[in-house]
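In: next one to model:
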Amino acid sequence: MNTGLLHLHNALRWVILIALVFAIVQLLLQKDALKTSKVLLISAHTTLLLGLYQYFFGPVGFFFIKNMGMAAAMKDKVTRFWAVEHILTMIIAIALITIGHVKYKKGGSPRTTLILYILALLLIFGAIPWPFRTEIARPLFPGMGM
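Out: I've put the predicted structure just below:
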């Protein structure tokens, strides 16, 4: 079950990235981005729920803190990434997406939403375990080894 949830969690990153880039482009072109923003919000929150489940019940994340202790987990960069950096950065990014969506939906400035979405995109790019990040790498397409 953990493998399937991990693959779904990894696959949903593409939905988030595509929706986020599409929403940013729509906001830059001053087009209505409400539907794209809603897709982004739903996929981000779904991915967050899957990630939280994996964090607390999977073989990485809280498992490291519980077994090693926080001090030891923070000393190793791979353990620190999975126990603290990945989840914290993604929660902040999803909070920015949520705030941006709510502000945009309530008729707030599209510029504010644009800035929040760009910040979220940068945080997400930094916290994804890309294949070139050797110690923490995950495949681009889960289950395919790519």
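
In: use CA for all of it now, contacts and neighbours both
Out: Noted.

In: which non-adjacent residue is nearest the spatially most central residue of the chain?
Out: Centroid-nearest residue in the chain, with C-alpha atoms, centre = their mean: residue 90, separated by 4.3 Å. Nearest residue to residue 90, sequence neighbours excluded (C-alpha to C-alpha, 6 or more residues apart in numbering): residue 124, at 6.3 Å.

In: what is the worst-scoring helix or strand of the chain on mean pLDDT packed up against?
Out: For the chain, using mean pLDDT, DSSP states H and E, the weakest element among its helices and strands is helix 62-68, scoring a mean of 90. Packing contacts for helix 62-68, counted by 3 or more C-alpha pairs under 8 Å, 6 or more residues apart in numbering; DSSP states H and E, involve helix 34-57.

In: ok now do residue 40, which residues does it touch?
Out: 15-16, 19-20, 97 (C-alpha atoms under 8 Å, 6 or more residues apart in numbering).

In: repeat that for 10 Å
Out: By C-alpha atoms under 10 Å, 6 or more residues apart in numbering, the contact set of residue 40 is 15-23, 34, 46, 94, 97-98, 101.

In: tell me the buried residues in stretch 127-140?
Out: 127-129, 138, 140 (16 or more other C-alpha atoms under 10 Å).

In: kindly format the C-alpha coordinates of whichever strand or helix holds the residue nearest to the centre of the chain as CSV.
Out: In the assignment (DSSP states H and E), residue 90 maps to helix 86-105. Taking Å, rounded to 0.1, in the frame of the first residue of the first chain, the C-alpha atoms of helix 86-105 are listed here in CSV:
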residue,chain,number,x,y,z
HIS,A,86,10.5,18.3,2.6
ILE,A,87,7.3,18.4,4.7
LEU,A,88,7.9,21.8,6.1
THR,A,89,8.6,23.4,2.7
MET,A,90,5.7,21.7,1.1
ILE,A,91,3.3,22.8,3.9
ILE,A,92,4.4,26.4,3.5
ALA,A,93,4.0,26.2,-0.3
ILE,A,94,0.5,24.7,0.0
ALA,A,95,-0.4,27.4,2.5
LEU,A,96,0.7,30.0,0.0
ILE,A,97,-1.4,28.3,-2.7
THR,A,98,-4.4,28.2,-0.4
ILE,A,99,-4.0,31.9,0.6
GLY,A,100,-3.6,32.9,-3.1
HIS,A,101,-6.7,31.0,-4.1
VAL,A,102,-8.8,32.4,-1.4
LYS,A,103,-7.7,36.0,-2.1
TYR,A,104,-8.3,35.5,-5.8
LYS,A,105,-11.7,33.9,-5.3
